[in-house]
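[1] test case, fold it:
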Amino acid sequence: MKKISDLIQSNNEEVQLILRLSDVNVKKTTSGDDYASMIGFDGVDKIEAKIWNFSEELKDVLVSGEVYKVSARTKQ
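    Now for the predicted structure:
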């Protein structure tokens with residue numbers, strides 16, 4: 001499992017992390033679609049994260065302070 005510090009040099013790479021999420025907020029894109037913005041913490045480092053194409057079912061399970069196994073694609 002990767003850590004946030006491992007992502008510094010990665011671009012367009014599929015990664016999996018274990019993160020405690022905080023500051024989870026649902027916002028609107030300029031086109032009016034929902035997305036989630038949050039901070040992920042791996043025990044050492046923090047990273048800003050977003051979930052695009054955010055669905056209604058995720059609103060009920062995504063909770064600040066909880067720990068999640070996250071699959072993501074990196075982007076510089």
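[2] please report the distance of N12 from A72.
    Counting by CB to CB, to the nearest Å, the gap from N12 to A72 is 11 Å. Every C-beta, even on glycine, is put in place using the N, C-alpha and C of the backbone.
[3] so which of the two has more stuff around it?
    Neighbours were counted for N12 and for A72 using other CB atoms under 10 Å; A72 has more, 18 against 8.
[4] ok, how many other residues are close to the nearest residue to the more buried one once chain neighbours are set aside?
    Excluding its sequence neighbours, the residue lying closest to A72 (CB to CB, 6 or more residues apart in numbering) is V15, at 5.8 Å. V15: 16 surrounding residues under other CB under 10 Å.
[5] go on, K27?
    Neighbours of K27 under the rule other CB under 10 Å: 11.
[6] now name the helix or strand holding it.
    Secondary structure assignment for K27, by DSSP states H and E: strand 14-28.
[7] so where's this protein uncertain?
    Scanning the chain for pLDDT under 70 picks out the ranges 76.
[8] just the helices in it please.
    Using DSSP state H, the helices of the chain run over 56-61.
[9] export the strand holding K27 to PDB, keeping only CA atoms.
    Taking Å, rounded to 0.1, in the frame of the first residue of the first chain, the C-alpha atoms of strand 14-28 are listed here in PDB:
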ATOM      1  CA  GLU A  14      -3.500   4.100 -10.400                       C
ATOM      2  CA  VAL A  15      -2.800   4.000  -6.600                       C
ATOM      3  CA  GLN A  16      -4.400   2.600  -3.500                       C
ATOM      4  CA  LEU A  17      -4.100   4.300  -0.100                       C
ATOM      5  CA  ILE A  18      -5.600   4.000   3.400                       C
ATOM      6  CA  LEU A  19      -6.700   7.400   4.400                       C
ATOM      7  CA  ARG A  20      -8.700   9.100   7.200                       C
ATOM      8  CA  LEU A  21     -10.900  11.700   5.600                       C
ATOM      9  CA  SER A  22     -11.700  15.100   7.100                       C
ATOM     10  CA  ASP A  23     -13.300  18.300   5.900                       C
ATOM     11  CA  VAL A  24     -15.600  16.300   3.500                       C
ATOM     12  CA  ASN A  25     -17.700  18.900   1.600                       C
ATOM     13  CA  VAL A  26     -20.100  18.400  -1.300                       C
ATOM     14  CA  LYS A  27     -19.800  21.200  -3.800                       C
ATOM     15  CA  LYS A  28     -21.000  22.100  -7.300                       C
END
